[in-house]
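> Sequence and predicted structure below; questions after.
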Amino acid sequence: MRLHRLTVSAFGPFAGSESVDFDALAAGGLFLLRGATGAGKSSVLDAVCFALYGDVPGTRRANRLRSDHAEARRLTEVRLELTLGGRRLQITRLPEQRRPKKVGTGTTVERPQTLLREWAADAGDGTPGWRAVSKSHQEAGEEIHRLIGMNREQFCQVVLLPQGDFARFLKGDSEERGKLLRRLFDTERFQHVEGWLAEQRRVQEAAVQAGRRRLRDLASKAEQAAGPGAEPAEGWVPAEEDAADLTAGVLGWAAILRSGAAEQRTVAGAALAGAEEAQRTAQGERAAAEELAGRQRRHRQALLQADRLAAFEPEAARDGRRLAAAQAAVGVESALRLHEGATEAHRRAREAERRHREVLAGDGGTGSAAAGGPALAEAGTAELAEAERELRAGLVRLEAAGAEERRCAELAREQRSLDEERRRADELAEEAEDWLAEYDARLGGLQEQQDRARAAGALVEQLDGRRAELSTRLDAARERDGLRAEIAAAEPRAAALRTAALDAREYGLGLRERRLAGMAAELAEQLRTGEACRVCGSPEHPAPAETTDGRVGADDEERARRAQATAEQAWTAADQTLTALRVREATATGAAGPEGSDALAQALAELDREHREALHSAEALGRVEQEIARLSADRDRRLAELREARERAAVRTDRLQALRHEQRELAARVTAARGEAASVAARAAALERLVERVAAVAEASRACAQALARLGDAEGELAEAAAAAGFPSAEEALAVLLPRAERERLAARLERHRTESAAVRHELALPDLAEAAARPPVDLPAAAAALGAATDRLGRAHAARSAADERCAALASIGRQLADLADELAPALARYGRINRLAALAAGTSTENRLRMRLESYVLAARLEQVAAAASDRLVRMSGGRYTLVHSDDRGTGNKRSGLALRVVDAWTGTERDTATLSGGESFFASLALALGLADVVTDEAGGMPLDTLFIDEGFGTLDEQSLEEVMDVLDGLRERDRAVGIVSHVADLRTRIPAQLLVRKGRRGSTLALAGREDA
């Protein structure tokens, strides 16, 4: 990597645009970057870092990138030309910043920009030039990182060598060295390995502990299943720290429990067999006792039943005789019931005939239809049937006349409806004609209103533009007047602050001149006998300068500097505020024009009045257009209504004439049909009532004759049935006749008596009942008690056998689970043993790791060995062959771990000692050697990208003449391979040793850059 040109604009302390030609500056290999404190030497390095990575070094990241001295419209920009990997590139970056708006007042945020370009033989137009590569922050950053091979932290440590960091690195402890080495060598992956191993150990340990908990749960279940008296699990389950074999002891203990449970099940089986045999014996004895008791009870009950049946014999004989007489009279009962029914039917038929004839005789009525009612009341059955047929024929004729009468009524209603509809149609046609007569006049008035509203709308648009212009000018005029008042108040204050700032500056310069004049006396006060002078280096001080009256000290100069800075900041702020007010006032004046705000306000008020009037007139346009459209729609509707009304009136008139002709014809026929009745329906109703009454009398007469014939038949059948049953008359048969229910009850009672008597005789004749009756009574409670005791014994035996079976099954299941758990835990235990050993070894806590060195520290120690070897090559030259650096694996004090210790070997004494014992000058060139060695190692680590430009920041003031010569020789060696080395230093001797110099000058309006030679020193 070689830098060619750096251009900064409004960056850091640089207010304008400054450029550095590194090709010219580094032509001799070494160049010096010098300037007053705070001038901006480090800002040049910040600009290089910002161009490459879009950010500044970590120690200065909080600083603002934009220059406070820059003009408001000048944007902060950094452009760097360099060669990376054989490619000539140009990087341009602009950070996020605020800038004035291009239109109007105020500021806006300018977004960050990045442009990466490459020099090409053909830039697109056939000529060499810059060709754009990317405008993306991310793409440009990735391309640069790929070419350099280092991130920002590594670049700042390798290319911008900060001596203070390496002095701390040289004398710090292992932890401090580790922080820097981690940033440079990216050993995060080894931390991830350590973390991964620790996490895997926790995971595997959790799996083992989960298996241990499951093992304890299964042991507890086995102990509970084995019951009281079994050997406890305590002593068989391994302790927490024992993870070698968790299951061996528990498996043996579970086998012992299963063996004991099997033995208990055998004993319980034998006890169950004995209890079952005893229970079967007790059941047989009880069954025999119950059977004997049952036979004895049956014999006693049979004797009691025989005595009861013997007492019932006389009553049974009487019932037999009554039942025989009643059975003989049963044949007469049906004939008697038939005769009674015929008698009652004849009586009801005669009563019904009488009622119907009375109704027919009393129906005098009106009209010819009812005239024959009294005459027919005494007629016979045949005459009544003939009269009914004639009357029904007349009723059919009246039904046809009734339909014609109803049609006449419908025609009358339809004529009234048609008259009403024709009247409404005439009224609607007349209304439509009146409205259409006024249409033209109403339409003309609305069209006049429409034209006036359109003209007002055009005027509103013209007035809107004029009002907006006047409103803008009025706002600008008011702002202009206010700003002029603010400017008048701010000008005296700015002038006073300027005077105060100039006075403070003059006073500070005077103090500085007085201090420089007395600087020799100030240095003489710091001299001590035997100590070297900081100016000449001599330990002898023959004539030190004397202090004069009124001497100015550093504190006085610092107070004056702060007072000057405060005054200048106040003046600058007031001047910037005044300038901003003047810019705003000029802008407002240009926008307002020459008129005053009062005149503009009056003109705007007049325009507002005209605008309101025109707007009021224009707003009526929509309403008028809607009324015109509504009027046109109403005209079309009225015309349609007029045509429809005329058509309906003509149709209704024709229909009315046809209906009136039909009504006249029907009315003549209906009048002839109804006769003297009010209507055909009334005459038909009267005739229908007469037909019904005649039909009822005829039907009743026929029913009465039939009932009389059935009564005669029933009387003959009754006499024949009494003679056939052996009774002299029907009355005697009825005297002994019993109801069927009574006969059935007597028969059932006699049959039950006969059946029970036969059963008792059979029961008493059985030999086993007689034999049981001869034996003594049975003791059933004693037999039941013996069976209960045997049953209880059997239940206990069953429970014991079931418990033994369950115990054996539970222990067998738990045994299988334990075996499965053992198979499952075996690989987990093996994994845990391996991962635990690896994690402890990587973490440095294992006894096998004698240095107690973590994995990442081990890798960093290897890198530190390389850095120490590379640094020693240069340190030997800088120290005149006296010192070399070596890496040490010694363990730290207390609990500190080893791996990142540095020792210095003194060839003069042959001893190895701590780097903290080096003097100030020795520490400087040791730190410089470390920085250069680390740069070489990091470069190789990053892929060997040549670093043709390096910067070394400060530290040379601690070296004596000889040491400085040796360091300069080493730096000269760095440029042997066409490498440019820039030194940032205040040491005056370097100005004469290094001809190529970049001078940074600071001033009130910002810093500037300039190339300077040895003669400018």
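Sure thing, it's come through.
> For the helix or strand harbouring Ala219, list every residue counted as buried.
According to DSSP states H and E, Ala219 maps onto helix 188-226. Within helix 188-226, the residues that count as buried by 16 or more other CB atoms under 10 Å are 190, 193-194, 197-198, 200-201, 204-205, 207-208, 211-212, 214-215, 218-219, 221-223, 225-226. All C-beta atoms are positioned from the backbone trio N, CA, C, and that covers glycine.
> Output the contacting helices and strands for it.
Contact here means 3 or more CB pairs under 8 Å, 6 or more residues apart in numbering; DSSP states H and E; on that basis helix 188-226 packs against helix 248-311, helix 780-843, helix 855-878.
> where does Ala773 fall, phi/psi-wise?
Backbone torsions of Ala773, given as degrees, to the nearest 10, read phi -70, psi -30.
> how close does it sit to Arg88?
Going from Ala773 to Arg88 by CB to CB, to the nearest Å gives 142 Å.
> Same check on Glu175?
Distance of Glu175 to Arg88, given as CB to CB: 43 Å.
> who has more neighbours, those two?
Using other CB atoms under 10 Å, the more surrounded residue of Glu175 and Arg88 is Arg88, with 15 against 11.
> My reading is that that one lies in a strand. Confirm?
Yes: the assignment for Arg88, made by DSSP: H, G, I helix; E, B strand; the rest coil, places it in a strand.
> tally of neighbours for the residue nearest to it when sequence neighbours are not counted?
For Arg88, ignoring the flanking residues on the chain, the nearest one in space by CB to CB, 6 or more residues apart in numbering is Trp119 at 3.9 Å. Using other CB under 10 Å, the number of residues around Trp119 comes to 15.
> who are the neighbours in contact with Ala839?
For Ala839, the residues meeting the contact criterion (CB atoms under 8 Å, 6 or more residues apart in numbering) are Glu194, Leu197, Ala198, Gln200, Arg201.
> my guess is the fourth one meets Arg837, correct?
No: taking contact to mean CB atoms under 8 Å, the distance of 11.7 Å between Gln200 and Arg837 leaves them out of contact.
> Number of residues surrounding Ala658?
A count of neighbours around Ala658, defined by other CB under 10 Å, yields 10.
> And it, how close does it get to Gln415?
From Ala658 across to Gln415, the span is 10 Å (CB to CB).
> same check, this time on Gly1006
To Gln415, Gly1006 is 116 Å away according to CB to CB.
> Go through the protein and flag its longest strand.
strand 2-11 (DSSP state E).
> So for that one, what gets flagged as buried?
Under the neighbour-count criterion of 16+ other CB under 10 Å, strand 2-11 has Arg2, Leu3, His4, Arg5, Leu6, Thr7, Val8, Ser9, Ala10, Phe11 buried.
> Likewise for stretch 649-664?
Here stretch 649-664 shows Ala649, Arg652, Gln663 as buried, counting by 16+ other CB under 10 Å.
> I figured the first one hits Ala429, correct?
The reference is to Ala649. Yes: with contacts counted by CB under 8 Å, Ala649 reaches Ala429, the gap being 7.2 Å.
> And for stretch 800-820, what's in contact with it?
Residues from elsewhere that reach stretch 800-820, judged by CB under 8 Å, 6+ apart: 215, 218, 221-222, 225-227, 247, 250-251, 254-255, 257-258, 261-262, 264-265, 268-269, 271-272.
> mind checking the SS state of the residue nearest to Arg88?
Recorded secondary structure, Trp119: strand (three-state DSSP).
> What helix or strand is Gly394 located in?
helix 381-437.
> Against which helices or strands is the helix or strand just after that helix packed?
Counting by DSSP H and E, the next helix or strand C-terminal to helix 381-437 is helix 439-517. Under the contact criterion of 3+ CB pairs under 8 Å, 6+ apart, helix 439-517 touches helix 554-592, helix 597-618, helix 620-674.
> ok so, going back, export the contacts of Ala839 to JSON lines and tack on pLDDT and distance to Leu885?
Converted to JSON lines, those look like this (pLDDT from 0 to 100; distance: CB to CB, whole Å):
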{"residue": "Glu194", "pLDDT": "77", "distance to Leu885": "28"}
{"residue": "Leu197", "pLDDT": "79", "distance to Leu885": "32"}
{"residue": "Ala198", "pLDDT": "81", "distance to Leu885": "33"}
{"residue": "Gln200", "pLDDT": "79", "distance to Leu885": "38"}
{"residue": "Arg201", "pLDDT": "77", "distance to Leu885": "37"}
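> mind listing what's buried in stretch 310-325?
Of all the residues in stretch 310-325, those buried under the rule 16+ other CB under 10 Å are Leu323.
> Just confirm Gly28 is within a strand.
No: per three-state DSSP, Gly28 lies outside any strand segment and is coil.
> tell me the phi and psi of it?
Per degrees, to the nearest 10, the backbone of Gly28 is at phi -90, psi 0.
> Now it. Nearest residue, chain neighbours left out?
Gly28's closest residue in space is Ala996 (CB to CB, 6+ apart), at 5.2 Å.
> residues contacting the one you found?
Leu25, Ala26, Ala27, Gly28, Leu30, Phe31, Leu32, Leu1011, Gly1013.
> where does the third one land on pLDDT?
Right, Ala27. pLDDT, Ala27: 80.
> What is the burial count for it?
Number of residues near Ala27 (other CB under 10 Å) recorded here: 12.
> Next up, phi/psi of it, please.
Phi and psi for Ala27, reported as degrees, to the nearest 10, are phi -60, psi -30.
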